[in-house]
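A.B. asks: sequence and computational prediction follow.
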Amino acid sequence: MTTADENELLVHTGPGTPGGNLMRRYWHPVALSEELPPGGAPLPIRVLSEDLVLFRDEAGRPGLLHRACPHRCADLSYGRLEDGGLRCLYHGWLFDVAGNCLEQPGEPAGSTYKDEVRAVAYPCHEVGGLIFAYMGGGAAPEMPEYEFLNVGEAHRYVHRSDLECNYLQSLEGNIDPVHLSYLHRPHKRADARAVPGSDDKSADMYYAEDRAPRLDLEHTEYGIRIFSVRNSGPENQYVRVTNFIMPNSAAIVGQEGRVNEGYAVHWHVPIDDTHNMRFDLVINRVNPIDKVKYRSREANLYGPDGKEERRARNRYFQDREAMKTENFTGMGRSFNVHDAFASESQGPVHDRTREHLATSDRIIVQARRQLIEGIEAVQDGREPLGVIRDPDKRDRSELVVMSQVVPRTLDYKDAWKSMVPRQSAAE
Ligand code: FES
Ligand SMILES: [Fe+2]
């Protein structure tokens, strides 16, 4: 079980908290690139309980500063983008993406006071259609070489949504293979794609037929490789390989292209302790992604009137009739909505001491343990798991996602190595 003390460590990510200190050792996405087009308005954002402004200077470089101007704390997100930085509206002080104060036009000629003032600035890095920030002190670590960040623009789709609960309970849904047999279950075959090695069966047919998968795991240099194994006749078994990536993302099977052409990543970044941003990255390394299809899928986030989003305040527009005819939840077809219900209904900050953890929660328990070990590592002055300091160790090609039927004679822990072609980035 998770104790009250452990839960306290896990859920708080504000400045100075042990969990916040862990989070601040890693790069996190803070916005989609498309949210900040060249010349676009600065974005007021909140990340890890800090109020920030994200902006792009005239050279196109993203910058992330504390939102309160260092002078007398007016909101910099209202500022003007000009002269190589962001200019505060109140008295015209000008800051660049590194936090340098370039101008203080109200000060006497010859004043050097601007050289003594800095805005708190966090390094940014743009890759994979996302703007990442490093909010820890000292030099930023290396950015891991994830396939999902490095496929070409045509091979990826990115989407952001916000959830009204602590990041960890949202994250935990992604590393919980058992819920696929319930929460997302359609009443009819919904996925036309046959699982490789199967007799024209789709993944949702396996979830429906075997609702108690065997779970297994391996500890890796990035987190946890998760195996969920379901029955597929006397000779075979259906194996899914998914991943927990320290400290707040997961790579899972997803619904893109033919099975095993790509996968999905869900990255849950704390806004504060009771809200998180969910970044969805979908990749297909073989074929370009049909983005029109994904944009139209976003319509599934909305209720029957097509206007109001399915949220807790409207009970996700749950329809009892649809529970009989369409799917398990009666909340429409979007997995994102089902996931939002599951994590938001646990409360703004889930109290894990109320749980009754079972065999099927094995992966969740291990992930919490890894996070607590990470917190302890930071407290001891060590690097937590997955932080890369050596540029030669950025490779993350061992992060593989798989959905496949394999013979029972084959050790499923090796199956992903031999049966999946090396997943390498499409150009
Ligand atoms: S408060 Fe920003 S320049 Fe004075
Ligand atoms: Fe889910």
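C.D. replies: Good, I have the coordinates. Ligands and ions are numbered 1, 2, ... in the order given.
A.B. asks: and the pLDDT at Arg422?
C.D. replies: Predicted confidence (pLDDT) at Arg422: the value is 52.
A.B. asks: mind listing what's buried in stretch 212-226?
C.D. replies: Neighbour counts over stretch 212-226 (16 or more other CB atoms under 10 Å) mark 213-215, 217, 220, 222-226 as buried. Glycine gets a C-beta too; all of them are placed from N, C-alpha and C.
A.B. asks: quick one: classify the residue nearest to the spatial centre of the chain as helix, strand or coil.
C.D. replies: Nearest residue to the geometric centre of the chain (CA atoms, centre = their mean): Trp267, 0.3 Å. Assigned by DSSP: H, G, I helix; E, B strand; the rest coil, the conformation of Trp267 is strand.
A.B. asks: distance-wise, check it relative to ligand 1.
C.D. replies: Trp267 is 33 Å from ligand 1, where distance means CB to the nearest ligand atom, to the nearest Å.
A.B. asks: pull out the buried positions in stretch 373-386.
C.D. replies: 374-375, 377-378, 384-386.
A.B. asks: can you list the residues of the protein near ligand 2?
C.D. replies: 173, 339 (CB under 5 Å from the ion).
A.B. asks: show me the domain layout of the chain.
C.D. replies: 27-134, 147-419 (automatic domain parsing).
A.B. asks: can I get these in CSV with mean pLDDT and distance to Pro18?
C.D. replies: Formatted as CSV, these follow (pLDDT from 0 to 100; distance: least, CB to CB, whole Å):
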stretch, mean pLDDT, distance to Pro18
domain 27-134, 98, 13
domain 147-419, 94, 5
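A.B. asks: okay if I get the buried residues of stretch 373-386 as a markdown table plus distance to ligand 1 and secondary structure?
C.D. replies: Output for the buried residues of stretch 373-386, formatted as a markdown table (distance: CB to the nearest ligand atom, whole Å; DSSP: H, G, I helix; E, B strand; the rest coil):
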| residue | distance to ligand 1 | secondary structure |
| --- | --- | --- |
| Gly374 | 37 | helix |
| Ile375 | 36 | helix |
| Ala377 | 39 | helix |
| Val378 | 34 | helix |
| Pro384 | 36 | coil |
| Leu385 | 40 | coil |
| Gly386 | 38 | coil |
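A.B. asks: the helices in the stretch 251-400 of the chain, which residues?
C.D. replies: 291-297, 320-325, 335-344, 362-379 (DSSP state H, counting those that start in this stretch).
A.B. asks: point out the most buried one among those helices.
C.D. replies: helix 335-344 (a mean of 21; mean count of other CB atoms under 10 Å).
A.B. asks: any idea how far that helix is from the middle of the chain?
C.D. replies: 14 Å (CA atoms, centre = their mean, to the nearest Å).
A.B. asks: keeping just the C-alphas, turn that helix into PDB.
C.D. replies: Only the C-alpha atoms of helix 335-344 are listed here, as PDB (Å, rounded to 0.1, in the frame of the first residue of the first chain):
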ATOM      1  CA  PHE A 335     -10.500   7.500 -24.900                       C
ATOM      2  CA  ASN A 336      -9.400  10.800 -23.600                       C
ATOM      3  CA  VAL A 337     -12.800  11.400 -22.100                       C
ATOM      4  CA  HIS A 338     -12.900   8.000 -20.500                       C
ATOM      5  CA  ASP A 339      -9.400   8.600 -19.000                       C
ATOM      6  CA  ALA A 340     -10.500  12.100 -17.800                       C
ATOM      7  CA  PHE A 341     -13.400  10.600 -16.000                       C
ATOM      8  CA  ALA A 342     -11.300   7.900 -14.400                       C
ATOM      9  CA  SER A 343      -8.600  10.200 -13.100                       C
ATOM     10  CA  GLU A 344     -10.700  13.300 -12.300                       C
END
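A.B. asks: which strands and helices lie in contact with that helix?
C.D. replies: Helix 335-344 makes packing contacts with strand 156-163, helix 167-174 when contacts are defined by 3 or more CB pairs under 8 Å, 6 or more residues apart in numbering; DSSP states H and E.
A.B. asks: residues contacting it, please?
C.D. replies: 161, 163-165, 169-170, 172-173, 179, 183-184, 278, 280, 300-301, 310-312, 316, 329, 331 (CB atoms under 8 Å, 6 or more residues apart in numbering).
A.B. asks: next: stretch 305-318.
C.D. replies: 164, 299, 301-304, 329-332, 334, 337, 340-341, 344-345.
A.B. asks: now for those: which two are most distant?
C.D. replies: Ala299 and Ser345 (23.2 Å; CB to CB).
A.B. asks: get me the contact residues on this protein for ligand 1.
C.D. replies: Applying CB under 6 Å from any ligand atom, we find that the chain lies next to ligand 1 at 69, 71-72, 74, 88, 90-91, 93.
A.B. asks: so which of those residues wins on neighbours?
C.D. replies: With neighbours taken as other CB atoms under 10 Å, the top of the residues of the chain next to ligand 1 is Trp93, carrying 27 neighbours.
A.B. asks: residue contacts, it?
C.D. replies: 69-71, 87, 101, 103-105, 114, 117.
A.B. asks: please repeat the previous calculation with a cut-off of 10 Å.
C.D. replies: 69-72, 74, 76, 79, 85-87, 101-107, 114, 117, 119 (CB atoms under 10 Å, 6 or more residues apart in numbering).
A.B. asks: distance of the residue in the chain positioned nearest to ligand 2 from Pro144?
C.D. replies: Nearest residue of the chain to ligand 2 (CB to the ion) works out as Asp339 at 4.3 Å. Distance of Asp339 to Pro144, given as CB to CB, to the nearest Å: 25 Å.
A.B. asks: roughly how far apart are the spatially closest residue to Leu102 that is not a sequence neighbour and Lys413?
C.D. replies: Leaving aside its sequence neighbours, Leu102 sits nearest to Leu94 (CB to CB, 6 or more residues apart in numbering; 4.5 Å). Note on Leu94: its distance to Lys413, by CB to CB, is 57 Å.
A.B. asks: where do the strands sit along the stretch 101-250 of the chain?
C.D. replies: According to DSSP state E, counting those that start in this stretch, the stretch 101-250 of the chain carries its strands in the segments 101-103, 121-122, 124-127, 130-134, 156-163, 214-219, 223-232, 236-245, 249-252.
A.B. asks: my guess is Pro15 meets Ser49, correct?
C.D. replies: Yes. Pro15 is within contact range of Ser49, at 6.7 Å (criterion: CB atoms under 10 Å).
A.B. asks: okay, these two: which has more neighbours?
C.D. replies: More crowded of Pro15 and Ser49, by other CB under 10 Å: Ser49, with 18 against 11.
A.B. asks: got the contact list for the more buried one?
C.D. replies: Contacts of Ser49 by CB under 10 Å, 6+ apart are 12-17, 20, 270-275.
A.B. asks: Lys291 against Arg156, yeah?
C.D. replies: Yes. Using CB under 10 Å, Lys291 makes contact with Arg156 at a distance of 9.3 Å.
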